[in-house]
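*Asks:* Below is the sequence, then the predicted model.
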Amino acid sequence: MTEDQAETIGLVTLGWLCGQEDLLPVFLAASGATLADLQAGLSASGGPDRAVMVAVLDFVLMQDETVIAAAQAQDLRAEKLVMAHALLSGAAQMHWT
């Protein structure tokens, strides 16, 4: 997966989350973010703020049902969300040896 693909998944997942009337308020409360924060993160100079996309993917990956719903909405395998999160968060570059 490329960084561009991961960013696209992050952005589409954010769009999906914003359309979920039951989940969006939970995400905002859990993250401490506001709708204005999300909007500012999307329009940041240099492109969308990775921290916003990582926070969205963190939230979505917390529950199986949410992962499945977000992946199905994008016609992706759930593993792609995990891969995008790892790449955007920097976890893909971690080596424990």
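*Replies:* Received it, and whenever you're ready, just let me know what you need.
*Asks:* Report the rounded mean pLDDT for the helix or strand containing F27.
*Replies:* For F27, the host element (DSSP states H and E) is helix 24-31. Computed over helix 24-31, the mean pLDDT rounds to 94.
*Asks:* That helix packs against which elements?
*Replies:* On a contact count with 3 or more CB pairs under 8 Å, 6 or more residues apart in numbering; DSSP states H and E, helix 24-31 meets helix 3-18, helix 50-60. Bear in mind the C-beta positions are built from the backbone N, C-alpha and C, glycine included.
*Asks:* can you rerun that using 10 Å?
*Replies:* helix 3-18, helix 35-42, helix 50-60 (3 or more CB pairs under 10 Å, 6 or more residues apart in numbering; DSSP states H and E).
*Asks:* Apart from its chain neighbours, what residue comes closest to the most centrally placed residue in the chain?
*Replies:* Centroid-nearest residue in the chain, with CA atoms, centre = their mean: L57, separated by 3.0 Å. Leaving aside its chain neighbours, L57 sits nearest to H85 (4.0 Å; criterion: CB to CB, 6 or more residues apart in numbering).
*Asks:* quick one, what contacts that neighbour?
*Replies:* 6, 9-10, 13, 53-54, 56-58, 60-61, 91-92 (CB atoms under 10 Å, 6 or more residues apart in numbering).
*Asks:* for V12, same thing?
*Replies:* 53, 70, 73-74, 76, 84.
*Asks:* Emit the ChimeraX select command for whichever of these are buried.
*Replies:* Burial among those is assessed by 16 or more other CB atoms under 10 Å; the matching ChimeraX selection reads:
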select :53,70,74,76,84
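*Asks:* Take the contacts of V12 and write them to TSV, including secondary structure and pLDDT.
*Replies:* Output for the contacts of V12, formatted as TSV (DSSP: H, G, I helix; E, B strand; the rest coil; pLDDT from 0 to 100):
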residue	secondary structure	pLDDT
M53	helix	91
A70	helix	97
A73	helix	96
Q74	coil	95
L76	coil	96
A84	helix	96
